[in-house]
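*Asks:* A structural model of the following input is requested.
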Amino acid sequence: MNNLPSLKDFGALRRKTVSVSEEALVRTRPLLADRPMPVLVEPSVPGMDLAAWAHSNRRQVDELLLAHRALLFRGFGVRTVDEFQGFVEASSDGERLEYRDRSSPRHEVGEQVYTSTDYPSDQRIFLHNEGTYWVTWPLKIYFCCLKAPERGGETPIADTCRIYQRVDPAVRQRFAERKVLYVRNYNDGFGLRWQNAFQTDDPAEVDRYCRDKGIETEWKGGDRLRTRQVRDAVAVNPRTGEPAWFNHATFFHVSTLDPQVRESLLAEFPEEDLPYNTYYGDGTPIEAEVLDDLRRLYQEETIVFPWQEGDVLMLDNMAVAHARQPYAGERLVVVGMAEPCSREESDAAARGLGLETVGSAR
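*Replies:* Numbers count the residues shown, from 1 in each chain. Next comes the predicted model:
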């Protein structure tokens, strides 16, 4: 992107103090006094159209996102999927991403705009970056609150670049060398059906997709499917040069589930038939103490703030994980993803940092 700052400018961007100008069309400041993100972006005058402003001020949007990782646009009166979609288009380049190889139930409400999740309201969703187990993932992810719940329903965020720096170097090196194995089972009565996850009813199409993406398929009796895929635990953002703890190793591990859900699943299935689970890439178990420590780091980096209707949250998907809190009442948060990044781009950025293996201790 020609209108983005170069990597050498990134450090200066992150050191800048958020400023307020009376002549500016928007005001920016940290949302929370004790946390660096998200940065709140508000209109200086009422009635401002967010998509139109972003179209005319694209460089400012990109600079803010590079500098602060998470932006909360509030007070722009975004009320419809079309208005949200217009902002996504105005503030991103290239194609938007569709949800394929899904890990949670959701449905499309606009052109490549989806409900954030259709999980029951009483369930908590653990922190994760979107698409870490895909070979191509979004650099930008957007959320829009069209209906705020009566209570709860926040979308917590956490800085996964900070988490990377805080992971024990020996653990980081172990994951760099062994990587992460994701094992998923479909149509065992729990979790997504493979038809929903891969958006097709054709097993041959699933096989073609998985073969292209480096996913091993195993068809079992009763129209059931097991997949295995090995992915890196760390990725380097090609735009910022920053390594991030970028994986679903903790999210998908059975030990992260609510204890009642975990006990129910383990009573029903042997470990190899669980809806999903994670291992080191060589198939050996990830140590319980490692998972406990990773969950602790995610928790310590968690930032929580309440939604207001019309809010739009824009995240650097490689640097910021997101989650969902349980809630009461009706809630509608929609999501869009843009600007695909490939594993090859991330690996090239890692080599530029002198990391022989992505995730190597620095």
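*Asks:* S346 - nearest residue in space that isn't next to it in sequence?
*Replies:* Once flanking residues are discounted, S346 sits nearest to A235: 4.4 Å by C-beta to C-beta, 6 or more residues apart in numbering. In short, each C-beta sits where N, CA and C put it, glycine included.
*Asks:* given the host helix or strand of that neighbour, what are its sheet partners and their directions?
*Replies:* Using DSSP states H and E, A235 sits within strand 234-236. In the sheet, strand 234-236 lines up against strand 243-245 (antiparallel) (DSSP bridges).
*Asks:* show me the shaky parts of the stretch 151-300 of the chain.
*Replies:* When residues are selected by pLDDT under 70, those of the stretch 151-300 of the chain lie in 187-190.
*Asks:* C-alpha coordinates for the helix ranked longest in the chain, PDB please?
*Replies:* If you go by DSSP state H, the chain has its longest helix at helix 288-300. C-alpha atoms of helix 288-300 as PDB (Å, rounded to 0.1, in the frame of the first residue of the first chain):
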ATOM      1  CA  ALA A 288      -0.600 -28.400  31.500                       C
ATOM      2  CA  GLU A 289       1.600 -25.800  33.100                       C
ATOM      3  CA  VAL A 290       2.400 -24.200  29.700                       C
ATOM      4  CA  LEU A 291      -1.300 -23.900  28.900                       C
ATOM      5  CA  ASP A 292      -2.000 -22.500  32.400                       C
ATOM      6  CA  ASP A 293       0.700 -19.900  31.900                       C
ATOM      7  CA  LEU A 294      -0.600 -18.900  28.500                       C
ATOM      8  CA  ARG A 295      -4.100 -18.500  29.800                       C
ATOM      9  CA  ARG A 296      -2.700 -16.300  32.600                       C
ATOM     10  CA  LEU A 297      -0.900 -14.100  30.100                       C
ATOM     11  CA  TYR A 298      -4.000 -13.700  28.000                       C
ATOM     12  CA  GLN A 299      -6.000 -12.800  31.100                       C
ATOM     13  CA  GLU A 300      -3.400 -10.300  32.400                       C
END
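*Asks:* the residue nearest to S346 contacts F246, doesn't it?
*Replies:* Yes - taking C-beta atoms under 8 Å as the definition, A235 is a contact partner of F246 at 3.9 Å.
*Asks:* what's the overlap in contacts for these two?
*Replies:* Residues touching both A235 and F246 (C-beta atoms under 8 Å, 6 or more residues apart in numbering) are T132, M318.
*Asks:* on that earlier part again, and the longest helix of the chain, what does it pack against?
*Replies:* Counting by 3 or more C-beta pairs under 8 Å, 6 or more residues apart in numbering; DSSP states H and E, the packing neighbours recorded for helix 288-300 are helix 160-166.
*Asks:* after the helix it packs on, which helix or strand is next?
*Replies:* helix 169-178.
*Asks:* which element is encountered next along the chain beyond that following helix?
*Replies:* strand 180-186.
*Asks:* who's in contact with that following strand?
*Replies:* Outside strand 180-186, the residues touching it (C-beta under 8 Å, 6+ apart) are 133, 191-194, 197, 224-233, 247-249, 252, 269, 272-283.
*Asks:* residue ranges for the helices of the stretch 51-200 of the chain, please.
*Replies:* 58-68, 81-90, 160-166, 169-178, 194-198 (DSSP state H, counting those that start in this stretch).
*Asks:* so which of those helices is nearest A350?
*Replies:* Across these, A350 has its closest neighbour in helix 169-178 (10.0 Å, C-beta to C-beta).
*Asks:* run the chain-centre distance for the strand holding A235.
*Replies:* Relative to the chain's own centre, strand 234-236 is displaced by 13 Å; criterion: C-alpha atoms, centre = their mean, to the nearest Å.
*Asks:* hmm, who's touching that strand?
*Replies:* 132, 164, 172, 175-176, 242-247, 318, 343, 346-347, 349-350, 353, 355, 358-359.
*Asks:* which stretches of the stretch 201-350 of the chain form strands?
*Replies:* Per DSSP state E, counting those that start in this stretch, the stretch 201-350 of the chain carries strands over the ranges 216-220, 224-231, 234-236, 243-245, 276-280, 312-316, 320-324, 327-328, 332-342.
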